[in-house]
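# need a 3D model of the sequence below.
(one chain, ligands or ions: 2)
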Amino acid sequence: QAVRKWWKEAVVYQIYPASFNDTNGDGRGDVKGITAKLDYLKALGVDVLWVSPIYDSPQADMGYDISNYRDIYPPYGTLDDVDRLIQELRKRDMKLVMDLVVNHTSEQHPWFVESRSSLSSPKRHWYIWKKPVYDADGKPHPPNNWGQILGEGRPAWVFDGATQEYYLAVFTPQQPDLNWENPAVRAEVHDILRFWLDRGVSGFRMDVINLISKDQAFPHGDVLIPGARYQPGTKHFANGPRLHEFLQALKMEVLDCYDGVMTVGEMPFVLDEEEILKIVHHEQGFLNMIFNFELVEIDAQRGDVPGDFRMSVGPWSVADLRRAVTRWQRLMIDNGGWNSVYCENHDQPRSVSHFCDDSDEHREYGSKLLCLMEATLCGTLFVYQGEELGMRNVPPEWGAEEYKDIESVNYWNKINEMYPGNEAKLLQAKKVMRAKARDNSRTPMQWDASPNAGFCPVGVQPWMRVNDDFETFNAAVQTTAGSPSIYHFWQEILALRKKHPEVFVYGGYELVDEHNADVFSYVRTAESGERWLTVLNFTGKNAKWAVPEEVAGKLRWAAGNYFSGEHDVLPGVGLGSIKLRPWEGLLGWAI
Ligand code: TEU
Ligand code: CA
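Residues are numbered from 1 along each chain as shown. Ligands and ions are numbered 1, 2, ... in the order given. As a prediction, this is how the structure comes out:
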């Protein structure tokens, strides 16, 4: 069994600062707003806050474009506010994890301003500059065919008139990539980590940390999108040649000098098991865990815009879900790695909309179903703000102007440019946005039924429109409701998880009734022989589940999303099949 660590048992709650809680009435959340809600979070069962970037930033990509790593974006507050947040967290035995975005900076970071100023600038090689390739007419072209990740078919290289060279910016032109080959850059990043660790933060979520080492030959990306000028270059910069070396130095020179730092690396584009194990192995690895994208990309396929993989909705089955979850559970449990468990974050749609059914009839069941799954899997659990309330995607009626994310805006503009006036395409694009846009998870937190949902004062315009369902779905209603609300359910299941870490955090994982087309079910086992069964009907219809022979007659239900009121001991079940209702989830226990 895995070694016990605080960060394995922790329930992490992700805060998207702009949309959490506005205390000064400017329509944006702030650090004081986080501090004001700590009791709510503690009561839910949260141990650690991961706060999306709050550093100074022009906000081209909502703070994932940093212009000063050692200061706070003024609308969010000050360093003093952060110190106070850390103190208040400590009083409650809670911790803070910062979002570390060091693959790129903002184009307005003084380093980049300096870097672009001249060919001989001392900061020139802090970023990645290349000479153009000139065609017969003498027109400059990018050095290779890599496309922007958030830019919908545009090149990842940006021409800079002042010095007549291109800089690399794989996300958007406002986010130039740092040149990690330069030791001065690495030393500076190390210092940034020390700065925050010295202030009392307990760890980092490392943004796209697997992109920091690029193939220095900068080869063309393979043609994956027929006919497109710019292609995904990820093969040449995801888990690149020097990644392990750079992470090792970060660990040895910084992380290991502090006690029990928690690290989670965001790792898109790579699902290679051997490679990932090298990164998260408990002895030889560099990071505690990573975020992989297999589950959240279960429905991904190539969409209408060449080069785009995310803005699309494809079919998926319960078997796909079972395969994706099981692969990672097995991989880490069997090989000494560690998982992160999540269904939702600021880059993904709301999980109840994504994996279940967010209609009024079914959303409550679906939200609780996902809670049962997440809270009974092996790994560190990450809950995203509002997930505990069953917040759902934006209403289908909302116009494109309500979508604020740079990726959505680029997508919508691109569709309009490609298919001007084509109503069918535009309608389809809106459907895709309603299903997949990052805006879906970025609407303001729904605290109560007052105008603006208690997110910001009445009369203030919130930076992003509040979801229309706030009067019925909000924290005030759910924390006081008579029958168990989604919030109460999370609270109860998290408490159960914490009561039995030897099962839910550290236990074994085996599939049950593994060919069932509708029901995903598994058993978690402790060394004591204790067994807990999670049974999840991932369909909107009645389904059957075969009780495994070895637990027949011994199985008792401890929780379920159709139960209400007292349900400590429900009737046990004998051998045979049981009928599950739409989106029904059960958690049972066998002695
Ligand atoms: O995301 C990196 C990433 O590759 C995806 O999750 C990305 O959001 C998705 O591919 C977009 O379609 C991280 C951050 O979480 C995201 O918010 C930032 O925009 C991005 O890095 C750049 O810093
Ligand atoms: Ca504010």
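# show the contacting residues for the residue positioned nearest the centre of the chain.
Residue closest to the average C-alpha location in the chain (CA atoms, centre = their mean): residue 345, at 3.5 Å. Applying CB atoms under 8 Å, 6 or more residues apart in numbering, we find residue 345 in contact with 14, 291, 382, 384, 441. No exception for glycine: its C-beta is placed from N, CA and C like everyone else's.
# and it, that one's in a helix?
No. Applying DSSP: H, G, I helix; E, B strand; the rest coil, one finds residue 345 to be coil, outside a helix.
# returning to what we had before: what is the most widely separated pair among the contacts of residue 345?
For the contacts of residue 345, the maximum inter-member distance is 14.6 Å, found between 291 and 441 (CB to CB).
# quick one, which of the two is more surrounded?
residue 441 (28 against 19; other CB atoms under 10 Å).
# surely the more buried one is in contact with residue 343?
No. If you go by CB atoms under 8 Å, residue 441 and residue 343 don't touch, sitting 10.8 Å apart.
# which pLDDT value belongs to the nearest residue to residue 327 once chain neighbours are set aside?
Sequence neighbours aside, residue 294 is the residue nearest to residue 327 in space, at 7.2 Å (criterion: CB to CB, 6 or more residues apart in numbering). For residue 294, the pLDDT comes out at 93.
# now swap in residue 328 and tell me
Here the pLDDT value assigned to residue 328 is 98.
# kindly report the same for residue 303.
Per-residue pLDDT puts residue 303 at 66.
# go on, residue 574?
pLDDT, the model's per-residue confidence, is 63 for residue 574.
# which residues in the stretch 301-450 of the chain form strands?
For the stretch 301-450 of the chain, strands defined by DSSP state E, counting those that start in this stretch occupy the ranges 340-341, 380-384.
# quick one: low-confidence ranges for the chain?
Residues of the chain that meet the criterion pLDDT under 70 lie in 302-309, 564-575.
# domains in it, by residue range?
What automatic domain parsing lists as the domains of the chain is 6-105+183-480, 110-168, 507-590.
# highest average neighbour count across those domains?
Each of those was scored by mean neighbour count; the highest is domain 6-105+183-480, a mean of 19, by mean count of other CB atoms under 10 Å.
# OK, contacts around the residue nearest to residue 327?
So residue 294 contacts 271, 324, 327-328 (CB under 8 Å, 6+ apart).
# for it, helix, strand, or coil?
What three-state DSSP gives for residue 294 is coil.
# and the one 5 residues further on, by the same measure?
Judged by three-state DSSP, the three-state class of residue 299 is coil.
# I'd say it and residue 311 touch.
No. At 11.5 Å, residue 299 does not count as touching residue 311 under the criterion of CB under 8 Å.
# the closest residue to ligand 1 within the stretch 151-300 of the chain - nearest residue in space that isn't next to it in sequence?
As assessed by CB to the nearest ligand atom, ligand 1 sits closest to residue 268 within the stretch 151-300 of the chain, at 3.9 Å. Excluding its sequence neighbours, the residue lying closest to residue 268 (CB to CB, 6+ apart) is residue 293, at 5.4 Å.
# what helix or strand is the residue nearest to residue 577 when sequence neighbours are not counted on?
Excluding the flanking residues, the one nearest residue 577 by CB to CB, 6+ apart is residue 544, at 4.6 Å. Element membership for residue 544, per DSSP states H and E: strand 543-547.
# contacts only, for the closest residue to residue 474 other than its chain neighbours.
Of all residues not flanking residue 474 in the chain, residue 446 sits nearest, at 4.1 Å (CB to CB, 6+ apart). Contact analysis of residue 446 by CB under 8 Å, 6+ apart lists 386, 389, 391, 453-455, 466-467, 469-470, 473-475.
# picking that back up, does the residue nearest to residue 577 really touch residue 580, like I thought?
Yes. Using CB under 8 Å, residue 544 is in contact with residue 580, at 7.3 Å.
# mutual contacts of these two, please.
Residues touching both residue 544 and residue 580 (CB under 8 Å, 6+ apart): residue 519.
# columns distance to ligand 2 on top of the domains of the chain, output as a markdown table?
Formatted as a markdown table, the domains of the chain follow (distance: least, CB to the ion, whole Å):
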| stretch | distance to ligand 2 |
| --- | --- |
| domain 6-105+183-480 | 4 |
| domain 110-168 | 26 |
| domain 507-590 | 35 |
